[in-house]
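Trainee: Dropping the sequence and predicted coords here.
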Amino acid sequence: MQAVFNFIVFQVLSNSTIFLGIIALAGLILQRKKLPQVVDGTVKTIVGLTVLSLGAGVLINTLGPLVTKLNDTLHVKGVLPTNDAVFGVAMKYDTLAKDIVITFLLAFLLHLVLVRITPVKIFKNTFLTAHMMLYHAAFMNVTLPGVLHTNEVATIAVSTVINAIFFTYSPAIPRVLSRKWTGDALTLGHQQQVGSLVAHYVGKWCGNKEEDADDLKLPKWASMFRDNTITLVFLMPIIFICIGLAVGQHGIQAMAGTGRDATNWIIYLILQGVAFTAGIVILLSGVRMFIGSIVPAFKGIADKFLPGSVPALDCPTIYPYSPMGSMFGFIGSTVGSIAVTLATIAFHSPIIVFPSPIIMFFDGSSMGVFGNKSGGWRGAVAAGLVTSIISSAGVILLYPLTGSVYGSGLTWSNIDYSLVWLPLMYLLKGVRMLFGF
């Protein structure tokens, strides 16, 4: 019996790929899906997570050596905020991966219960951006053990409650701000809910909503950057070259090889940036496959269980409400991210924050929409700029809290990590120290 128990616990349940496959299988069977649907959902869950892991491996293999070289050269801790990549690192640890998945599932179920019992209409929002829930479950499981000194069970319990509360009530903020121009058909479900409030007021104070960005005439070529793959393939080589310049030609050339067949050090950095982009594309493909397979086991329940609720969706769903506002926000956010990088270098910060494509594009574009709606094109630029500075600068204090992924050169991004989770984690840490927990 002991051998069977060890096999189930340590070989099956501790393996995140097998564990998630079992979860998907059980959920589909409980919904009495037909055999082809059960097989399709289970297989795609397993394959999706495998693809995710392969993508994470590409990210680690391209960025890891370069960040290590930079840290050794400048005697600093260099970090790139990007949710997808750091999630992949966290999922490399089987025990942690299992806890992340359990937290994700329990928090989602508790969130559904809270939406069901909440009597106020504005709070009836069903958070359907499942990959963000998954990423945040990872964040909570790597930070709380260090912040509260919790064991595995307590970490899952506390993470579940806090996550469910955030997923349930925070989408009400952008819903209130946006219902005039969305028709109250949807709201934002990301890690940008509190950030949307900051963007709204920054835009209002810095601009004029009569000067709508979407009424301006701009070249059509700019629209290509709405494709995040195009954006990343331009940005990541630039970021890698900036890191390479900080390391120096000699250090990078040693990595690129020597002799007749050596790759030029600049070409090497460009190719590494392109490879990193490919890794994100692979990883996101795996995330979409995984989420697209495992979430229907719960979404069907939500549709019956939560009548009248409004979907809280991923940030790209709001970009069409102000295409040029999102573009101006992206521009402002890019300037803000680069400014923080230069400042961390100039002031000899122990942690160098590299410009994050997640902050610059996804956050910047979202904040630009809210900034434009309240302050026109100038409001969009200002909203992207200010929120990007907050997001990037917050990484300096957030990164040391990330437990097992600290030192990977990767951490979580998005504005709410600086506005909500950074102060909350330090507050919890202060409470623990005050009361001697």
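Mentor: Good, I have the coordinates.

Trainee: how many other residues sit next to the closest residue to residue 122 other than its chain neighbours?
Mentor: In space, and not counting its chain neighbours, residue 122 is closest to residue 172: 4.9 Å by Cβ to Cβ, 6 or more residues apart in numbering. The way it works is simple: take the backbone N, C-alpha and C, and place the C-beta from them, glycine included. Neighbour count of residue 172, defined by other Cβ atoms under 10 Å: 20.

Trainee: try residue 206
Mentor: 19.

Trainee: my guess is it contacts residue 378, does it?
Mentor: Yes - using Cβ atoms under 8 Å, residue 206 is in contact with residue 378, at 5.8 Å.

Trainee: Against which helices or strands is whatever helix or strand residue 268 lives in packed?
Mentor: Using DSSP states H and E, residue 268 maps to helix 265-294. If you count contacts as 3 or more Cβ pairs under 8 Å, 6 or more residues apart in numbering; DSSP states H and E, helix 265-294 packs onto helix 16-30, helix 35-74, helix 83-90, helix 130-148, helix 228-247, helix 249-256.

Trainee: and it, which residues are buried?
Mentor: 265-266, 268-284, 286-287, 289-291, 293-294 (16 or more other Cβ atoms under 10 Å).

Trainee: for stretch 185-193, same thing?
Mentor: Residues of stretch 185-193 classed as buried: 186-193 (neighbour count, 16+ other Cβ under 10 Å).

Trainee: what do you get for stretch 251-263?
Mentor: Buried-residue list, stretch 251-263, by 16+ other Cβ under 10 Å: 251-253, 255-256, 263.

Trainee: from those, which single one is nearest residue 105?
Mentor: Using Cβ to Cβ, residue 255 comes nearest to residue 105 of the buried residues of stretch 251-263, at 41.0 Å.

Trainee: isn't that closest one right up against residue 69?
Mentor: Yes - contact criterion Cβ under 8 Å: residue 255 and residue 69 qualify, at 6.7 Å.

Trainee: Just name the most buried of the helices and strands packed on helix 265-294.
Mentor: Compared across the helices and strands packed on helix 265-294, helix 83-90 shows the largest average neighbour count, a mean of 26 (mean count of other Cβ atoms under 10 Å).

Trainee: Residues in contact with it: which ones?
Mentor: 52-53, 55-57, 59-60, 63, 96-97, 100, 132, 134-135, 138, 141-142, 191, 279-280, 283-284, 287, 358, 402, 404-405, 408, 410-414 (Cβ atoms under 8 Å, 6 or more residues apart in numbering).

Trainee: Quick one: mean pLDDT for the helix or strand just after it?
Mentor: Next along the chain after helix 83-90, taking DSSP H and E as the criterion, comes helix 94-117. For helix 94-117, mean pLDDT rounds to 88.

Trainee: Spell out which strands sit alongside the next helix or strand after helix 94-117 in the sheet and which way each one runs.
Mentor: With elements assigned by DSSP H and E, the helix or strand that comes after helix 94-117 is strand 125-127. If you go by DSSP bridges, strand 125-127 pairs up with strand 310-313 (parallel).

Trainee: Give me the distance between the strand it pairs with and the centre of its chain.
Mentor: 18 Å (Cα atoms, centre = their mean, to the nearest Å).

Trainee: which other residues reach that strand?
Mentor: By Cβ under 8 Å, 6+ apart, strand 310-313 touches 124-129, 167, 171, 175, 184-189.

Trainee: what mean pLDDT does it have?
Mentor: 85.

Trainee: right, and the helix or strand after that strand?
Mentor: Heading C-terminal from strand 310-313, the first helix or strand you meet, by DSSP H and E, is helix 323-346.

Trainee: same for that next one, what does it pack against?
Mentor: Helix 323-346 is packed against helix 228-247, strand 351-353, helix 364-398, with contacts defined by 3+ Cβ pairs under 8 Å, 6+ apart.

Trainee: Let's have these in JSON lines, adding mean pLDDT and distance to residue 46.
Mentor: Output for those, formatted as JSON lines (pLDDT from 0 to 100; distance: least, Cβ to Cβ, whole Å):
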{"stretch": "helix 228-247", "mean pLDDT": "80", "distance to residue 46": "25"}
{"stretch": "strand 351-353", "mean pLDDT": "88", "distance to residue 46": "36"}
{"stretch": "helix 364-398", "mean pLDDT": "95", "distance to residue 46": "32"}
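
Trainee: Now render those as CSV, adding distance to residue 325.
Mentor: Listed next are the helices and strands packed on helix 323-346 as CSV, based on distance: least, Cβ to Cβ, whole Å:
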stretch, distance to residue 325
helix 228-247, 16
strand 351-353, 26
helix 364-398, 3
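
Trainee: Which one of these lies nearest to residue 110?
Mentor: For the helices and strands packed on helix 323-346, the distance to residue 110 is smallest for helix 364-398, at 25.0 Å, taking Cβ to Cβ.
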